[in-house]
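In: sequence plus the predicted model coming up.
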Amino acid sequence: MTKHLHQIYQILFEEFGPQYWWPGETRDEIIIGAILTQNTNWANVEKAINNLKEKQLLTLSALTKANQMTVVECIKSAGYFNQKAERLILISKALQSYIPSRDKHEFRSFLLSLKGIGPETADSILLYAYNIPFFVVDAYTKRIFSRLGYILPSQRYSSVQQWIMQYLEPDSDLFNEYHALIVKLAKTKCKKRPMCSSCPLKDLCRYAMNSVLWIL
DNA sequence: GGCCAGGCGGCCC
DNA sequence: GGGCCGCATGGC
């Protein structure tokens, strides 16, 4: 399986090239973006980030002192703005006063204990803001690996993550690029209604094989 | 005009 | 553990 996962990575990298993730410049911006992008199109998040930047609110320390309504106004475009504004401020305060632990699992547990940070957001922060190798699993990851035939769509986050991580060396650069390439494939080919005929993975995908059988 | 987007928490059983 | 609901904008 290790070989398959590396092969899939190679094919995606050759097809799409480096993705230069995370799309953000500072650690704080990555953390803020990770929360804002929950169930939301990145284009809508970018507008929110620009608004926060204009108001000098694109840092955790600024957010701890920010007025919630001001934050709401900045992040309207990102959706769920009342929830996200409140949680952004609370998370900023919690992270500011947190003394980083040497133990990565302890750090992850801390993130998960915060309201507004679930497994995907926690792992995105760990991987993209801190270069700690946790593999990020999202709806795209599940869709692609279940279509490939390796997992079931019903499998939970931790189960999918354990399945992948047991076969890959814990390399944050690899995890970084791999997840970004998965997102790229999901947006361009492996969409809800997939475009298998032009997919670079079609020759090793069970779903693509089955679609071809129907045509023949 | 409906569907979708890089989820999460709070319920309920 | 599994399922349902509310949260909300903007692009297509």
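Out: Thanks, I have it. Numbering: from 1, shown residues only, chains lettered A, B, ... in the order given.

In: please make it C-alpha for all contacts and neighbour counts, starting now.
Out: Noted.

In: check contacts around the nearest residue to A:Leu114 once chain neighbours are set aside.
Out: Using CA to CA, 6 or more residues apart in numbering and skipping the chain neighbours, the partner closest in space to A:Leu114 is A:Ile91 (6.5 Å). Counting by CA atoms under 8 Å, 6 or more residues apart in numbering, A:Ile91 makes contact with A:Leu114, A:Lys115, A:Gly116.

In: show me what contacts the second one?
Out: Contact analysis of A:Lys115 by CA under 8 Å, 6+ apart lists A:Arg87, A:Ile91.

In: any idea how far it is from A:Tyr157?
Out: 18 Å (CA to CA, to the nearest Å).

In: picking up where we left off before, state the pLDDT value of the residue nearest to A:Leu114.
Out: pLDDT for A:Ile91: 98.

In: assign it to helix, strand or coil.
Out: helix (DSSP: H, G, I helix; E, B strand; the rest coil).

In: for the most centrally placed residue in chain A, give me the pLDDT.
Out: Centroid-nearest residue in chain A, with CA atoms, centre = their mean: A:Ser124, separated by 5.1 Å. On pLDDT, A:Ser124 comes in at 98.

In: how far away is it from A:Ile30?
Out: If you go by CA to CA, the gap between A:Ser124 and A:Ile30 works out to 9 Å.

In: same thing with A:Gln38?
Out: Distance, A:Gln38 to A:Ile30, using CA to CA: 13 Å.
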